[in-house]
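Engineer: Need the 3D shape of this:
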Amino acid sequence: MKNNNLLFAILIGALGGIFCGWFFGTAMMSIAWVGTFFLNALKMLIVPLIIAAVITSITAIGDVRHLGKLGGLTVLYYLSTTAVAVLIGLIAVNIIKPGVGTQELSQTIPDAIVGKDATGIADIVQTLITPSLVESAAKLELLPIIVFCILFGIALTTIGERGTTISNFFEGLNDVMMKLVIWLMYLAPIGIFSLIAAKLGESGGGDAVWGEIKKVGWYMFTVIFALGLHFLFLLGVLKVLGGRGIDYLLSMLRALVTAFGTASSSATLPLTMECAIEAGVKKRAAKFILPLGATVNMDGTALYEAVAVMFIAQAYGFDMTFTQQTIIFITATLAAIGAAAIPQAGLVTMALVLTAVNLPLEGVGLILAVDWFLDRIRTTINVWGDSVGTAVIQNYALEDDID
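Structural biologist: Take a look at the predicted model:
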């Protein structure tokens, strides 16, 4: 009952934020600090939670061969669903053609991606390792931290009884962090209200937002429609391969609404883990698969990138061939896996894809005005993809008799 009440409060906070931001506009920017406080509080929990969760999940698995199976299936699942997401996006944008007839073309490259076109797949691979874990933690660069924790956990399982004290420490740390997550969630309704209301206010309120929607309305429709199709695809995967359905979706709603409010898979991770475990996911699966998913699984982002790049091509009058769209498919799929470890992830990924098919980077300016809203929707799909993956993968990679 408490969880249901909290869910209703979060939903009311999100809807209230949309209403107030739409009608009161810039006046709502005065409460932006409340949303920032809540978001920073969530981020404060991420690094110690991931360290404790990943290490304890590795030590619980014990046998490195089981870890290899779990890790292999996790990567295969994430790669497969991301590829499906990009395919859905490409099909939708080719049918709807939202960019045809667009009149206002941007002539300047947004500051956020200036110089980012030189970033390549090799740069993404480099993000697996960091020379300073402290610096990565400070910047919330989670991928190298996860890699280190996996290696640390494996090493811990090889030293026998001498590792018991250390394992117990991380078990206790994990329990403490989850308790802090529960306490923080009581701030979620007002935090999400403030984040959404202030962001709408920053955009100028309802009239300004509606004006931007009218300019790129078909583009927004295409992205949301394609994301909706992928959401249903994941629900089907959950039913067929995970043996779960609407009950699991309802259990994850608190995390999904929080993802919409924060626009961050990483910031939502503490709540995603709590909801998944409450929904019956094995702790070992939740503590290993969800942190990895929040870092590398970007179904919604990959789909969005494919649609956005095709929209820009259509707006500039470029007819993308099958070969070029294949390049978009491959680049968006692979780049999305490393996107979360790169600053300004979505725009950097888009710069990679645009460069791969020789499209102008200036085209990003066409969609920046509505990107903040679509970012929230695609983040929600990212979190949903992580959640479904955890429920599915645990059935095939972990023994039934061990939690």
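Engineer: my read: Arg376 touches Thr258, true?
Structural biologist: No. Using CB atoms under 8 Å, Arg376 makes no contact with Thr258, being 10.7 Å away. Placement of C-beta: from N, CA and C, glycine included.
Engineer: Show me which of these two is the more surrounded one.
Structural biologist: Thr258 (29 against 20; other CB atoms under 10 Å).
Engineer: Where does the more buried one fall, secondary structure wise?
Structural biologist: helix 253-262 (DSSP states H and E).
Engineer: So which elements touch that helix?
Structural biologist: When contacts are defined as 3 or more CB pairs under 8 Å, 6 or more residues apart in numbering; DSSP states H and E, helix 253-262 packs onto helix 2-24, helix 188-202, helix 265-278, helix 368-397.
Engineer: can you give me the angle the third one makes with helix 188-202?
Structural biologist: Taking axes from the mean of the first three to the mean of the last three CA atoms, to 10 degrees, one finds that helix 265-278 is oriented at 150 degrees with respect to helix 188-202.
Engineer: Run through the neighbouring helices and strands of helix 265-278.
Structural biologist: In terms of contacts (3+ CB pairs under 8 Å, 6+ apart), helix 265-278 is packed against helix 32-61, helix 164-184, helix 246-251, helix 253-262, helix 283-296, helix 368-397.
Engineer: Mean neighbour count, these: which tops it?
Structural biologist: helix 283-296 (a mean of 26; mean count of other CB atoms under 10 Å).
Engineer: next structured bit after the helix or strand of the chain with the lowest mean pLDDT?
Structural biologist: Taking mean pLDDT, DSSP states H and E as the measure, helix 121-126 is the helix or strand of the chain with the lowest mean score, a mean of 67. Using DSSP H and E, the helix or strand that directly follows helix 121-126 along the chain is helix 133-138.
Engineer: Can you point out the buried residues in that following helix?
Structural biologist: Buried residues in helix 133-138, counted by 16 or more other CB atoms under 10 Å: 136-137.
Engineer: C-alpha coordinates for the helix or strand following that helix, PDB please?
Structural biologist: The helix or strand immediately downstream of helix 133-138 is helix 142-157, counting by DSSP H and E. Extracted in PDB, the C-alpha atoms of helix 142-157 (Å, rounded to 0.1, in the frame of the first residue of the first chain):
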ATOM      1  CA  LEU A 142      30.000   4.600 -14.700                       C
ATOM      2  CA  LEU A 143      31.300   2.100 -17.300                       C
ATOM      3  CA  PRO A 144      34.900   2.000 -16.000                       C
ATOM      4  CA  ILE A 145      33.700   1.800 -12.400                       C
ATOM      5  CA  ILE A 146      31.500  -1.200 -13.300                       C
ATOM      6  CA  VAL A 147      34.400  -2.900 -15.200                       C
ATOM      7  CA  PHE A 148      36.600  -2.400 -12.100                       C
ATOM      8  CA  CYS A 149      34.000  -3.800  -9.800                       C
ATOM      9  CA  ILE A 150      33.500  -6.900 -11.900                       C
ATOM     10  CA  LEU A 151      37.200  -7.600 -11.900                       C
ATOM     11  CA  PHE A 152      37.400  -6.800  -8.200                       C
ATOM     12  CA  GLY A 153      34.500  -9.200  -7.500                       C
ATOM     13  CA  ILE A 154      36.100 -12.000  -9.500                       C
ATOM     14  CA  ALA A 155      39.400 -11.500  -7.700                       C
ATOM     15  CA  LEU A 156      37.500 -11.600  -4.400                       C
ATOM     16  CA  THR A 157      36.000 -15.000  -5.200                       C
END
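Engineer: Report the buried residues of helix 142-157.
Structural biologist: Quick answer for helix 142-157 (16+ other CB under 10 Å): 142-150, 152-153, 156-157.
Engineer: Show residues contacting that helix.
Structural biologist: For helix 142-157, contacts defined as CB atoms under 8 Å, 6 or more residues apart in numbering pick out 46-47, 50-51, 54-59, 62, 64, 67, 71, 127-130, 133, 136-137, 163, 166-167, 266, 291-292, 294-296, 338, 340-341.
Engineer: Let's see the pLDDT reported for Tyr316.
Structural biologist: With respect to pLDDT, Tyr316 scores 86.
Engineer: i'd like the first residue to be 164 from this point on
Structural biologist: In the new numbering, first residue 164, that becomes Tyr479.
Engineer: Burial check on it, number of neighbours?
Structural biologist: Count around Tyr479 with other CB under 10 Å applied: 16.
Engineer: tell me the contacts of it?
Structural biologist: Neighbours of Tyr479 in contact, by CB under 8 Å, 6+ apart: 262, 268, 522-523, 526.
Engineer: Just the buried ones from the residues you listed?
Structural biologist: Here, 16+ other CB under 10 Å leaves 262, 522-523, 526 buried among the contacts of Tyr479.
Engineer: Check these and tell me the two furthest apart.
Structural biologist: Farthest-apart pair in the buried ones among the contacts of Tyr479 is Gly262 and Pro523; separation 13.0 Å (CB to CB).
Engineer: so what's in contact with the two at the same time?
Structural biologist: 475, 479.
Engineer: So, low pLDDT: which residues of the stretch 264-413 of the chain?
Structural biologist: 266-287 (pLDDT under 70).
Engineer: Quick check: Leu239 vs Ile493, distance?
Structural biologist: 17 Å (CB to CB, to the nearest Å).
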